[in-house]
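K.L.:
pasting the structure only:
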């Protein structure tokens, strides 16, 4: 027991202390000399410091305890640390500063308070007509997008809303992580407190738990799923393309901008050098299937890339839930910047040029108007895709 009632009558056996072992028998702390079996109060920092004999004749224990004004009870929570003798005095000053800050730090809102915020928020969502004055979007101007998303979640089953979310607070921001349907892809509803009120700030599905990174030095960083990493790569890339479209089209015109995106020659070289085991035309079709399914991770979500037919004259590839079109549907920052027709033209320009570079003519059939189901039909002279494959 490091907490010795005999050291000071104001101290109870359950008082929180910080324990250190030091050497030699006499040192100076903030200008005050102390020896074993004595205790003193550091009035400036409101700390009680007791010195007790150590495990042998060459060491002693120092018990440091934050206290309230007057005699009172200790002000801080229990903390126990054990230091090696040779480093104790180097660390002591920093340690006392930490004790003082810890004992005076304001209490953070409890998890129960955070869950009360969640219940209030979820009740408003489920009732409909979420109040616009409770919005404070991360990206200014996205108020209507946030309201659209909340209207969709209003239709979620009651059992999902009644689950207790994981709560992760980061200063004034509160993250409420909860799945709706797919357990492997939870949503993060981000709220922020300001002026004693909470506001809905953002909705996200890509979450990287880097708050769990080990202390440095480390080369271990928490990961996320292959699907989410693929989505993140596409979101970053296509967001940049849309930014270029917004910035450059007014200056150089749309034809010149689209010319910048035509990378067919380079894509053809990649297909022929990475897949040198089949004729170039076939290599291109197989390479694009691998590129979309593996490199861009589309098949981490199921059979999203399906090679339906392939010979020297014709080929068919069915694409479902392509990230390019999924982004336009789900990412709130893209739609306000570009019309869907212009966005789709970017996609068509790139893939038609890639097909042309290896001698294919590409027709794109949109099996759903939002582009989430597509059929690529490739033909070369004298061949076509049978109607049954369409």
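P.N.:
The structure has been received and is ready for your questions. Note that the structure is a prediction, hence the values are computed from the model and not measured.

K.L.:
give me every residue that touches residue 113.
P.N.:
By CB atoms under 8 Å, 6 or more residues apart in numbering, residue 113 lies in contact with nothing. (C-beta placed from N, C-alpha, C; glycine too.)

K.L.:
if I look at it, what pLDDT would I see?
P.N.:
Per-residue pLDDT puts residue 113 at 90.

K.L.:
isn't there a strand covering it?
P.N.:
No: per DSSP: H, G, I helix; E, B strand; the rest coil, residue 113 lies outside any strand segment and is helix.

K.L.:
quick one, helices of the protein?
P.N.:
Taking DSSP state H as the test, the helices found in the chain are 88-104, 111-127, 143-153, 158-161, 226-252, 254-261, 264-274, 280-290, 323-330, 340-356.

K.L.:
identify whichever of the ones you listed lies nearest to residue 179.
P.N.:
Residue 179 lies closest, by CB to CB, to one member of these: helix 158-161, at 7.4 Å.

K.L.:
list the helices and strands that closest one packs on?
P.N.:
Applying 3 or more CB pairs under 8 Å, 6 or more residues apart in numbering; DSSP states H and E, one finds that helix 158-161 makes contact with helix 111-127.

K.L.:
so which bits of the helix it packs on are buried?
P.N.:
114, 117-118, 121-122, 124-125 (16 or more other CB atoms under 10 Å).

K.L.:
and stretch 215-231, by the same measure?
P.N.:
Buried positions in stretch 215-231, judged by neighbour count with 16+ other CB under 10 Å: 227-228, 230-231.

K.L.:
how long is it from one end to the other?
P.N.:
Using CA to CA, to the nearest Å, one end of stretch 215-231 lies 28 Å from the other.

K.L.:
just give me the closest of the buried residues of stretch 215-231 to residue 172.
P.N.:
The closest of those to residue 172 turns out to be residue 228 (CB to CB; 26.0 Å).

K.L.:
among the buried residues of stretch 215-231, which one sits closest to residue 177?
P.N.:
The nearest member of these to residue 177, counting by CB to CB, is residue 228 at 13.5 Å.

K.L.:
wait, isn't the closest one in contact with residue 188?
P.N.:
No: counting by CB atoms under 8 Å, residue 228 does not reach residue 188; the two are 11.8 Å apart.

K.L.:
quick check, residue 264 in contact with residue 355.
P.N.:
Yes: Residue 264 is in contact with residue 355 according to CB under 8 Å; the separation is 7.5 Å.

K.L.:
which of these two has more neighbours?
P.N.:
Ranked by neighbour count (other CB atoms under 10 Å), residue 264 and residue 355 place residue 355 first, with 26 against 19.

K.L.:
got the contact list for that one?
P.N.:
Contacts of residue 355 by CB under 8 Å, 6+ apart are 264, 284, 361-362, 378.

K.L.:
again with residue 208
P.N.:
222-224.

K.L.:
do the same with residue 326
P.N.:
Per CB under 8 Å, 6+ apart, neighbours of residue 326: residue 372.

K.L.:
hang on, the earlier thing: give the residues shared as contacts by residue 228 and residue 188.
P.N.:
205, 207.

K.L.:
pLDDT below threshold where in the chain?
P.N.:
Where the chain drops to pLDDT under 70, the residues are 1-111, 382-390.

K.L.:
how is it divided into domains?
P.N.:
The chain is divided into the following domains under automatic domain parsing: 18-104, 111-212, 229-389.

K.L.:
and for residue 147, the neighbour number?
P.N.:
So residue 147, with other CB under 10 Å, has 15 neighbours.

K.L.:
my guess is it contacts residue 129, does it?
P.N.:
No: taking contacts as CB under 8 Å, residue 147 lies outside contact range of residue 129: 9.2 Å.

K.L.:
what about stretch 170-185, start to end distance?
P.N.:
21 Å.

K.L.:
give me the contact list for it.
P.N.:
Residues contacting stretch 170-185 (CB under 8 Å, 6+ apart): 114, 117-118, 121, 153, 156, 160, 163, 165-169, 186-194, 198, 201, 205, 207, 211, 225, 227.
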